[in-house]
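In: Here's my sequence, what's the structure:
(2 chains)
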Amino acid sequence: NAGVMQNPRHLVRRRGQEARLRCSPMKGHSHVYWYRQLPEEGLKFMVYLQKENIIDESGMPKERFSAEFPKEGPSILRIQQVVRGDSAAYFCASSSGQGNTGELFFGEGSRLTVL
Amino acid sequence: AQSVTQPDIHITVSEGASLELRCNYSYGATPYLFWYVQSPGQGLQLLLKYFSGDTLVQGIKGFEAEFKRSQSSFNLRKPSVHWSDAAEYFCAVGAPGWYGGSQGNLIFGKGTKLSVKP
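Out: Okay, the predicted model is just below:
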């Protein structure tokens, strides 16, 4: 039973390029969450999605960042025109959303480095 | 605004010694509280959670935590630390609308890094 799968694990981009991070939730989970972890910081919530719907994007920067969770395929976090301050670890988590016990299952993260 | 404070950035304990990691929260209603552990280069694993009921919660790997409403605390403890416990530990609180809404907006503390001496 595979856990939450994220790829790539490591991504290097130059300023101005685009970064795409993918997340496949655990089997049977239809709720996906993205968090960002800056160096020496805790995780900060970015966005919560269900299939084809953004439920809560209160933590997403207003510009350059977008997320989707299509009917088929993984969830994608897209960062356009990256800047050095986007360098961070991006974690995806999933839950079943039914009789929610509150547990989120996290992936191993995608570490973005912007040169 | 809701917040979580972990006062200790880094703690070192000897193997076999007891451990207590502190967590204080600021929250306007009944909190839903969590402890996660993160090993280097890895994702987060849930150690334990508190929603209601018994204020002493047992988790995996021999960890426990006690919810104290009067002190707004949810400290993590382990009676005897093993070298494999070296990791970073995060306390988190469920944001408003968390329970029953399947919302995943957890507010995390900045973490406490645990080192274990042989």
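In: what pairs with the closest residue to residue B:106 other than its chain neighbours across the strands?
Out: Distances taken as C-beta to C-beta, 6 or more residues apart in numbering or on different chains put residue B:92 closest to residue B:106, at 4.3 Å, once the chain neighbours are dropped. C-beta coordinates here come from the backbone N, C-alpha and C atoms, glycine included. Going by DSSP bridges, residue B:92 is paired in beta bridges with residue B:34, residue B:108.
In: any idea how far residue B:92 lies from residue B:68?
Out: 17 Å (C-beta to C-beta, to the nearest Å).
In: Residue 80: what's its closest spatial neighbour, skipping adjacent residues?
Out: With no chain named, the answer covers chain A. Once flanking residues are discounted, residue A:80 sits nearest to residue A:64: 4.7 Å by C-beta to C-beta, 6+ apart.
In: Oops, wrong one, chain B.
Out: Once flanking residues are discounted, residue B:80 sits nearest to residue B:16: 5.4 Å by C-beta to C-beta, 6+ apart.
In: State the phi and psi torsions of residue B:84.
Out: Main-chain torsions, residue B:84, degrees, to the nearest 10: phi -70, psi -10.
In: And for residue B:71?
Out: Residue torsions, per degrees, to the nearest 10, at residue B:71 are phi -110, psi 0.
In: And for residue B:60?
Out: Dihedral angles (degrees, to the nearest 10) for residue B:60: phi -80, psi 170.
In: can you pull the contacts of it?
Out: Residue B:60 sits next to B:46-48 when contact means C-beta atoms under 8 Å, 6 or more residues apart in numbering or on different chains.
In: Between those residues, identify the one with the most neighbours.
Out: When these are compared by neighbour count (other C-beta atoms under 10 Å in any protein chain shown), residue B:47 ends up highest, at 23 neighbours.
In: low pLDDT regions in the chain?
Out: You didn't say which chain, so I picked chain A. Within chain A, the segments meeting pLDDT under 70 span A:1, A:97-102.
In: ah, I was thinking of chain B
Out: B:28, B:95-104.
In: residue closest to the middle of it?
Out: Central residue of chain B (C-alpha atoms, centre = their mean): residue B:35, 3.0 Å from the mean position.
In: I'd say that residue and residue B:93 touch.
Out: No. Taking contact to mean C-beta atoms under 8 Å, the distance of 10.9 Å between residue B:35 and residue B:93 leaves them out of contact.
In: related to what we said a few turns ago, quick check: the residue nearest to residue A:80 vs chain B, distance?
Out: Separation of residue A:64 from chain B (C-beta to the nearest C-beta, to the nearest Å) stands at 21 Å.
In: wait, that residue sits on residue A:114?
Out: No. In this structure, residue A:64 is not within contact of residue A:114 by C-beta under 8 Å, at 11.8 Å.
In: overlap in contacts of those two?
Out: Taking C-beta under 8 Å, 6+ apart as the criterion, residue A:64 and residue A:114 both touch residue A:82.
In: Excluding chain neighbours, what is closest to the most centrally placed residue in chain A?
Out: With distances taken as C-alpha atoms, centre = their mean, residue A:34 lies nearest the centre of chain A, 3.5 Å away. With sequence-adjacent residues excluded and distances taken as C-beta to C-beta, 6+ apart, residue A:34 is closest to residue A:46, at 4.4 Å.
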